[in-house]
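1. Quick one: sequence and predicted model below, then my questions.
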Amino acid sequence: MKDKRLKYKGLRMRRYLNVYKECIKVAFASASTYRLNFILNCTIMLLGDIIFPLITVLIYGSGAGFEGWSVYEVLLIQSIFTMSTAIADMTFHGVMWVTMDMVRNGNMEMVLILPIDTMFILMARTFSFEGIGLFIGGLTVFVVAIINVSVPSILMWIQFIAYFIIGVLVMMGIALVMAAISFKWVGNSRIPEIFSNIRNFGKYPQSIFPKAIVVITSIIIPVAMIAFYPAAALLGRGNSSMFIMIIPCFLFLLFGIYLYRHMVRLYQGVGG
């Protein structure tokens, strides 16, 4: 019986991987077909997010800045944030928009009858290559910043990679919470704006905020893990409390998954 369960899980995993591969192929075919649209979207996304690091350079160039942080240290945080955002945009951020659209138009039933997890298939369908330009831009700023700070050790790099992955998972939790809310708050484009403003706290050194804000951004909605904690690990500013911050990150992701699936179960038709 145990062997049968393991075999079934293995077959299910392969089926999910095959579905995801097909969705990536469709996204690639779409990008190849509409090349000009793809290039323009990549460029607009890059320009929209690259302005922020330029503003940081201008602030430090004028003699101002964040106390205790050099311009390259701040740029390191912001470049990590940009790369995380790019990965999220390519993989799962579209789940909120597609969920909202399907609930509003009454197309969600067509997904619910499929023999596959609703959350998974909607994320897979929204895979997009348009975030590649944004990721390359963030990576460029990251390389420039890391060259101008102290050389990280191997342990620092390992911690950075771990925190970076966890930060992306936090963004997945945010995307799922937004998508879950859209089941009831149908057609309101202000949902991503609200969460975007909260997420933007992760672009800055947490030491510049009051303790109440740090508690919110580290425990309640742990956006600090998106960029600040990975950067702190590379800069050697990490401490034991950073490992504890991993717990609320996973709890937030689990909450997002639970809330989304709960709202799917409650779904009753057009308009939520």
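-> Yep, that arrived.
2. Could I get the phi/psi values of residue 127?
-> Dihedral angles of residue 127 (phi, psi; degrees, to the nearest 10) stand at phi -60, psi 140.
3. That one - how many residues pack around it?
-> Using other Cβ atoms under 10 Å, residue 127 has 19 other residues around it. (Each C-beta comes from the backbone N, C-alpha and C, glycine too.)
4. likewise residue 40?
-> 12.
5. From the contact counts, what lies against whichever strand or helix holds it?
-> For residue 40, the enclosing helix or strand under DSSP states H and E is helix 35-61. In terms of contact count using 3 or more Cβ pairs under 8 Å, 6 or more residues apart in numbering; DSSP states H and E, helix 35-61 is assigned the packing partners helix 71-91, helix 132-147.
6. Report the angle between the shortest one and helix 35-61.
-> With axes from the mean of the first three to the mean of the last three Cα atoms, to 10 degrees applied, the angle from helix 132-147 to helix 35-61 works out at 30 degrees.
7. heads up, I number from 42, so please use that
-> Taking 42 as the first residue, the last one we looked at is helix 173-188.
8. Quick check: next helix or strand after helix 173-188?
-> Counting by DSSP H and E, what follows helix 173-188 is helix 195-222.
9. What of the first one?
-> Helices and strands here follow DSSP H and E; after helix 112-132, the next one along the chain is helix 136-146.
10. and residue 115, what is it in contact with?
-> 97, 101, 106-107, 245-246 (Cβ atoms under 8 Å, 6 or more residues apart in numbering).
11. rerun that using 7 Å as the cut-off
-> Applying Cβ atoms under 7 Å, 6 or more residues apart in numbering to residue 115 gives the contacts 97, 107, 246.
12. If we only consider those residues, which is nearest to residue 308?
-> residue 246 (41.3 Å; Cβ to Cβ).
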